[in-house]
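S.K.: Sequence first, predicted model second:
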Amino acid sequence: MTWEVVIGLETHTQLSTRSKIFSGASTAFGAAPNTQASAVDLALPGVLPVLNREAVACAIKFGLAVGATIAPRSIFARKNYFYPDLPKGYQISQYELPVVAGGGLKIRVGENEKFIHLTRAHLEEDAGKSLHEGFTDVSGIDLNRAGTPLLEIVTEPDMRSAAEAVAYAKALHTLVVWLGICDGNMQEGSFRCDANVSVRRKGDEKLGTRCEIKNVNSFRFLERAIEYEIRRQIELIEDGGTVVQETRLYDADRDETRSMRSKEDAMDYRYFPDPDLLPLMISEEWIANIRKEMPELPDAKQARFQSEYSLSAYDAATLTASKAVADYYERVLAKFRSEPKLAANWVTGDLSAALNRHELEIGASPVSAAALAGLLKRIADGTLSGKMAKDVFDAMWNGEGDADAIIDQRGLKQMSDSGAIEAIVDQVLAANPKSVEEFRAGKEKAFNALVGQVMKASQGKANPAQVNEVLKRKLAAGT
């Protein structure tokens with residue numbers, strides 16, 4: 001408790017454009033090595049970069065979503081370093097004048113909300129990839145990724161725990177996918193985080209020496225990497241050592257970070273304006289046009305779900321954790337508006353559980369939003385009990401048809417005829433005098449046993465609410 005953790009994140013978000021940021025080469029994932037590297041990507045003599053307009057539009061959308069300032073004029077710079085997977089010997093990025101400045105994201109950790117301030121978001125090109133597996137004494141170079149458009153999003157050092165860092169990364173991931181500017185596929189490298197971690201004594205205003213954990217591409221690994229690095233730095237200082245500013249890699253197999261190289265500062269990269277690219281000029285008209293096309297954002301949709309559908313904050317947050325889920329829910333309500341809470345329970349409950357079991361995204365659900373709405377109508381009008389509805393849902397999932405067809409095929413219509421239910425209740429009371437006496441002696445469990453007998457006698461078709469009402473009335477009357 002004598003230590004305070006300070007964390008800032010830099011997130012490389014691959015933009016969802018069909019072509020690269022400075023060339024017309026494809027950005028599609030999974031092509032054979034070096035088949036999607038154009039003359040520009042390979043830095044052949046005489047070639048010139050041409051900026052991808054759609055990549056800029058993605059940056060503007062992000063800036064608007066986080067309440068940032070969109071620079072009317074920004075410039076591209078050359079960031080000089082020498083790696084085998086960087087053909088030009090420099091990376092085209094932005095330094096002094098980024099396209100997006102400021103803004104922030106609200107996160108929640110447990111019951112606590114916090115606002116994470118953003119420093120900047122700038123456009124840049126990705127490098128290629130060095131391949132080591134499958135080679136002996138050499139490395140392979142795949143330049144398909146070279147020139148892929150990235151938006152690097154940098155926070156202020158506002159986070160004070162690994163949990164906060166993960167909450168921010170998840171909120172950012174949700175937002176960029178929601179906006180449609182990134183597919184969010186962490187396994188393919190579309191969303192990867194660098195974590196800058198330092199520690200200092202509680203009450204100390206001066207920041208400690210930071211280490212950067214590079215290219216973490218899972219939320220679980222991000223949390224584990226930061227927690228390890230916190231322990232490492234504290235133990236090092238307490239043992240009389242000194243933290244060295246450096247770049248580190250996280251080894252998931254050993255659950256540890258290890259040194260990669262000394263951390264470079266800006267001067268080490270010798271930034272200077274790229275002479276091949278004109279300044280990027282963004283007009284107010286362009287920003288206004290993109291603002292008109294912006295989708296309803298997660299926070300706004302969450303607030304609307306609470307006010308318009310009377311959902312709890314928890315339900316609204318769960319439904320808006322993904323745009324696909326939120327859209328599915330509203331398509332259900334388009335067909336079944338009467339009970340938004342019932343619809344929310346099914347989307348976040350049975351449907352979500354089935355998707356998880358089968359490792360499917362909601363867009364691939366075998367039960368469409370319209371089909372689920374059809375099932376909910378039969379629950380609401382008393383045709384199906386809760387248990388019967390679950391059986392019908394399973395049949396719908398397995399492709400047996402819509403709810404009404406399955407109900408007809410299986411004869412599953414719930415019994416709601418009061419006379420028929422009263423007759424079954426009379427039979428059960430006559431056949432179970434011991435349970436009746438136990439209930440009258442104050443044993444509540446006996447009532448549940450009688451309900452169970454009625455449901456069994458009706459083959460599960462009796463309306464449970466009616467069964468409870470009739471049983472209570474007859475037991476109270478002593479008949």
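M.R.: Yes, it's here.
S.K.: Touching stretch 275-283 from outside, list them.
M.R.: 48-49, 51, 56, 60, 70-76, 92, 99 (Cβ atoms under 8 Å, 6 or more residues apart in numbering). Backbone N, C-alpha and C define where each C-beta goes, glycine included.
S.K.: Hmm, I typed the wrong one, I wanted stretch 387-403.
M.R.: Here stretch 387-403 makes contact (Cβ under 8 Å, 6+ apart) with 350, 354, 366-367, 371-372, 374-375, 377-379, 384, 406-407, 409-410, 412, 414, 460-461.
S.K.: Check stretch 317-327 too.
M.R.: Under Cβ under 8 Å, 6+ apart, the answer for stretch 317-327 is 108, 174, 177-178, 295, 298, 301-302, 305, 311, 329, 344, 347-348, 361-363.
S.K.: sorry, back to before: now, the contacts of stretch 387-403 that are in strands?
M.R.: Residues of the contacts of stretch 387-403 located in strands (DSSP state E): none.
S.K.: which parts of stretch 186-195 are buried?
M.R.: Buried residues in stretch 186-195, counted by 16 or more other Cβ atoms under 10 Å: 186, 189-195.
S.K.: Asp204 - how many residues pack around it?
M.R.: By other Cβ atoms under 10 Å, 11 other residues sit near Asp204.
S.K.: nearest spatial neighbour of it, skipping sequence neighbours?
M.R.: For Asp204, ignoring the flanking residues on the chain, the nearest one in space by Cβ to Cβ, 6 or more residues apart in numbering is Glu4 at 7.5 Å.
S.K.: and stretch 369-385, how far from the chain's centre?
M.R.: Put simply, stretch 369-385 sits 29 Å off its chain's centre (Cα atoms, centre = their mean, to the nearest Å).
S.K.: so what's Leu123 up against?
M.R.: Counted by Cβ under 8 Å, 6+ apart, Leu123 has contacts 21, 55-56, 59, 76, 93-94, 98-99, 149-151.
S.K.: Spatially, what comes nearest to Lys61 if we skip its sequence neighbours?
M.R.: Leu179 is the one closest to Lys61 (Cβ to Cβ, 6+ apart), at 5.1 Å.
S.K.: Which pLDDT does the model give that neighbour?
M.R.: Predicted confidence (pLDDT) at Leu179: the value is 97.
S.K.: swap in the one 10 residues further on?
M.R.: According to the model's per-residue confidence, Gly189 sits at a pLDDT of 92.
S.K.: so it sits right up against Gln14, yeah?
M.R.: Yes: in terms of Cβ atoms under 8 Å, Gly189 counts as a neighbour of Gln14; the distance is 6.9 Å.
S.K.: Wait, Gln427 touches Ala457, no?
M.R.: Yes: Gln427 lies in contact with Ala457 (Cβ under 8 Å); the separation is 6.7 Å.
S.K.: So which of the two has more stuff around it?
M.R.: Shown here are Gln427 and Ala457; by other Cβ under 10 Å, Ala457 has more neighbours (16 against 13).
S.K.: Just give me the neighbour total for the residue nearest to that one when sequence neighbours are not counted.
M.R.: Nearest residue to Ala457 in three dimensions, chain neighbours excluded: Ile424, at 5.0 Å (Cβ to Cβ, 6+ apart). For Ile424, the neighbour count with other Cβ under 10 Å is 19.
S.K.: ok, now which ones touch Ile424?
M.R.: Counting by Cβ under 8 Å, 6+ apart, Ile424 has contacts 454, 457-458, 462.
S.K.: again, only using 10 Å
M.R.: Neighbouring residues of Ile424 by Cβ atoms under 10 Å, 6 or more residues apart in numbering: 415, 453-458, 462, 467, 470.
S.K.: which stretch of helix or strand covers it?
M.R.: If you go by DSSP states H and E, Ile424 is part of helix 418-431.
S.K.: Which SSE is immediately downstream of that helix?
M.R.: Downstream of helix 418-431 (by DSSP H and E), the next one is helix 433-440.
S.K.: next one: that following helix to chain centre, how far?
M.R.: Centre to centre, stretch against its chain (Cα atoms, centre = their mean), the figure for helix 433-440 is 53 Å.
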